[in-house]
Structure formats: structure tokens, C-alpha cells
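S.K.: Sequence and computational prediction follow.
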Amino acid sequence: MGEISLKGKHLLGLQGRSKEEIELILRVAKKMKKIVLSDNKKHPLLKGKSIINLFMENSTRTRSSFELAGKYLGADVINISKSGSSMAKGESFRDTLLTMSYMGTDAIVMRSSEEGAPLYATKCVDPIIINAGDGAHEHPTQALLDMYSILEHKPTLEGLKVVIIGDIMHSRVARSNIYGLKTMGADVHLAGPRTLVYPELEKLGVTVHHDVREAVKDADVVNVLRIQLERIHSALYPSNREYARIFGINKSVLENAKDDVLVLHPGPMNRGLEIAPDVAYDDASVIQEQVRNGVAIRMAILYLTIIGGDGSELAD
Ligand code: CP
């Protein structure tokens, strides 16, 4: 248990990450959640460390939860956006990274519209790079918090039928979930229109469906993804109304799933498009818990990558 260490390791994605590494993160996050729920959230494991949140794409949940995670653990945290930085005046991404590293930064949490931007950053500078979402590539901390949220209600991920529905083509959340869930032994299914869920995805060891009612049959978990309207520039489905009618997740569709099905959505939601409002707030929904668990997962990631260890110094 004490042999695995993530100290000094970048978190670029879940592809290639071992089951033991994922289990370590989930185990430490469980302890971090106790801090998040406590009256005194300050636990200065990262005292004296500095973290920069470099967000070159918009974010509410990921950016604020990384900021809170760092602050709860006693680190100094600052946020930089593309529009508020000298990148807006033409400074290159590489020079921006170098400038941050000259300031003695321990970790850079990065969101970018460009796939591979975090990998590129690891070639340019020394601080630990944590991917907070790069284009349609990966969003590892989202998948980790999704798995954590499932495990609060299910004893194991092994053998669970998890159906990921919607805009898979543009989704970094889908990719990280597929890699993580497959590593943890889940039975992963994808569903949505042919233009957003293409058969080649089966090479990742998943089952592809184009009929959501058939896909959710006997599902343990339904993870509904946002239609990424900002990345869709051509007609990939007839209209939002048609999408909601054919592929939207509502109570009627969920009747095909298991009685104790869990509904997840990474947020932000297009209510009434990919998910019906009454489903988002139904007892089966763990969407609010996902947001809370995001802080705990990000605390675990910052602690494990910057300090290392196995969390044994934290209370059970
Ligand atoms: N799920 C997610 O990444 O949300 P934000 O874009 O608000 O960070």
C-alpha cells in the first residue's frame, strides 16, 4: 500500500494509469472529503507550496474546486485566465509557462482548448502539470470524481454497467471516464447519435449504441454528457428539440435501467436538452455530490503529486 507514490508525477490523463494509482487517489480523497465536510477546513499539508491555476478556457467547477482544494491544504493559489494575462497581448504559451516557473511555482493546473497542451508544458518547465481539461482529449480529475461519486453508492466498480450518453466526440470527460472505468473493471457502454458516437470507439473496449433505451437497459450508472455547443460548428443532429426527443435522458428512458441506477452529469448542464430537469434533481441523481467530491479529489491530487505519501498521516 505504501509503495506507490505519485510525488513529482504530472497528471495528464488516466490513460495508462494503474488500478493501484487510481485506488490510492480515491482512498486519499475519502480522507480529504472529511476535511471538506468539517467545520475547520484548513489542513496545512501544502503550507509553503504555490499553485497556479492557468485556465485558458472557461470553467466554474474545476477552477474553483482546484482553488479551494489548494487553499484548504494551506498552499498559496493564484488564478490566471487567458484574457486577463499577457497572452492576450501576444505572449506565447511557452513564455507564459516559463514566467510562471521562474516564480517558484510547485504546480500548474491547466485547462486548454488544445489537446496536448499539458504534455507540451511538461517539456517546457519543471513544475508539476495537472491537466484540468485539454480540448477533447482528457479531463482526468473529472473522471476520478465521477468514479469516487459512484463508489459512495456502489461497493465496487468491477462489473458495473456504466453508460455514457451524449456528445462523446467532443468529450474529454468521456475519454478519461472510459480509461479509468475500464482499468477499474467496469462494463462501459456509449450511446448517442452516429455523428457524435462513432463505431471506432469500440476499439477502446466499450460497447457503442445509438438507441439510448437499449443502451440503458439494466444500467447501474448513467453518465449524461453535455452537448458541447461551443465546439459544434456544423449540423451533427437535426435540432436541439429532436436531440432531446431521441437522445435526451428523462424518467421514461431511465425506467429501462436498474431500480437503483445512479445518474451523473459533469456539468454545466443544458437542461431540457441532454437531461430533463426532473432527472437532474431526482433521488437517483448524484450531480450535486459530484461537485462536492470534486474538491476532495483535487485535494488528493495536489497532496499526492506535490507531497507524495499515501495519506496515512490523515485521519480515517
Ligand atoms: N465539469 C467541468 O469541467 O465543469 P467546468 O467547466 O465548470 O469546470
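M.R.: Thanks, I have the structure now.
S.K.: Give me the number of neighbouring residues for residue 94.
M.R.: Using other C-beta atoms under 10 Å, the number of residues around residue 94 comes to 13. Just so you know, the C-beta spots here come from the backbone N, C-alpha and C atoms, and that holds for glycine as well.
S.K.: The residue nearest to it when sequence neighbours are not counted and residue 92: what is the separation?
M.R.: Leaving aside its sequence neighbours, residue 94 sits nearest to residue 124 (C-beta to C-beta, 6 or more residues apart in numbering; 5.3 Å). Residue 124 is 10 Å from residue 92, where distance means C-beta to C-beta, to the nearest Å.
S.K.: What of residue 131?
M.R.: Taken as C-beta to C-beta, the span from residue 131 to residue 92 is 20 Å.
S.K.: Enumerate every residue touching residue 43.
M.R.: Neighbouring residues of residue 43 by C-beta atoms under 8 Å, 6 or more residues apart in numbering: 35, 72-74, 314.
S.K.: Same question for residue 262.
M.R.: 149-150, 153-154, 220-222, 284-286.
S.K.: Going by the annotation, which residue ranges form each domain of this protein?
M.R.: Here the domain assignment for the chain is 19-138+292-306, 153-285, based on automatic domain parsing.
S.K.: near the ligand, anything from the first one?
M.R.: This points to domain 19-138+292-306. Yes: figure legend: domain 19-138+292-306 in contact with the ligand (C-beta under 6 Å from any ligand atom); contacting residues 59-62, 133.
S.K.: can you map out the strands along this protein?
M.R.: 50-55, 76-81, 107-112, 128-134, 161-165, 187-191, 207-209, 221-224, 262-264 (DSSP state E).
S.K.: Make CSV out of those strands and add mean pLDDT and distance to residue 273.
M.R.: As requested, the strands of the chain are exported to CSV (pLDDT from 0 to 100; distance: least, C-beta to C-beta, whole Å):
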stretch, mean pLDDT, distance to residue 273
strand 50-55, 98, 25
strand 76-81, 97, 27
strand 107-112, 98, 23
strand 128-134, 98, 21
strand 161-165, 98, 12
strand 187-191, 98, 15
strand 207-209, 97, 19
strand 221-224, 98, 10
strand 262-264, 98, 15
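S.K.: sorry, back to before: who has more neighbours out of residue 124 and residue 92?
M.R.: Of the pair residue 124 and residue 92, residue 124 is the one with more neighbours under other C-beta under 10 Å, namely 14 against 10.
S.K.: Can you check what pLDDT the model gives the more buried one?
M.R.: Here the pLDDT value assigned to residue 124 is 98.
S.K.: Contact partners for it?
M.R.: 94, 97-98.
S.K.: With residue 66 as the reference, measure out to it.
M.R.: Taken as C-beta to C-beta, the span from residue 124 to residue 66 is 20 Å.
S.K.: quick revisit: tell me the one of the residues of domain 19-138+292-306 next to the ligand nearest residue 216?
M.R.: Ranked by distance to residue 216 (C-beta to C-beta), the residues of domain 19-138+292-306 next to the ligand are led by residue 61 at 25.0 Å.
S.K.: hang on, isn't the closest one packed against residue 292?
M.R.: No: applying C-beta atoms under 8 Å as the test, residue 61 and residue 292 come out as separate, 10.4 Å apart.
S.K.: Okay, helices next: where are they in the chain?
M.R.: Applying DSSP state H to the chain gives helices spanning 19-37, 61-72, 93-102, 117-124, 140-151, 172-183, 212-215, 240-247, 251-254, 277-280, 287-306.
S.K.: Relative to residue 204, which of the ones you listed is closest?
M.R.: Evaluated over the helices of the chain, closeness to residue 204 peaks at helix 172-183, with 5.3 Å, by C-beta to C-beta.
S.K.: Only alpha carbons, please: show that closest one as PDB.
M.R.: This file holds the C-alpha atoms of helix 172-183, laid out as PDB (Å, rounded to 0.1, in the frame of the first residue of the first chain):
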ATOM      1  CA  ARG A 172     -12.600  14.800 -22.700                       C
ATOM      2  CA  VAL A 173     -14.800  13.700 -19.800                       C
ATOM      3  CA  ALA A 174     -15.900  10.600 -21.800                       C
ATOM      4  CA  ARG A 175     -12.300   9.700 -22.700                       C
ATOM      5  CA  SER A 176     -11.000   9.900 -19.100                       C
ATOM      6  CA  ASN A 177     -14.000   8.000 -17.800                       C
ATOM      7  CA  ILE A 178     -13.500   5.200 -20.400                       C
ATOM      8  CA  TYR A 179      -9.800   4.800 -19.500                       C
ATOM      9  CA  GLY A 180     -10.500   5.000 -15.700                       C
ATOM     10  CA  LEU A 181     -13.600   2.800 -15.600                       C
ATOM     11  CA  LYS A 182     -12.000   0.100 -17.900                       C
ATOM     12  CA  THR A 183      -9.000   0.000 -15.700                       C
END
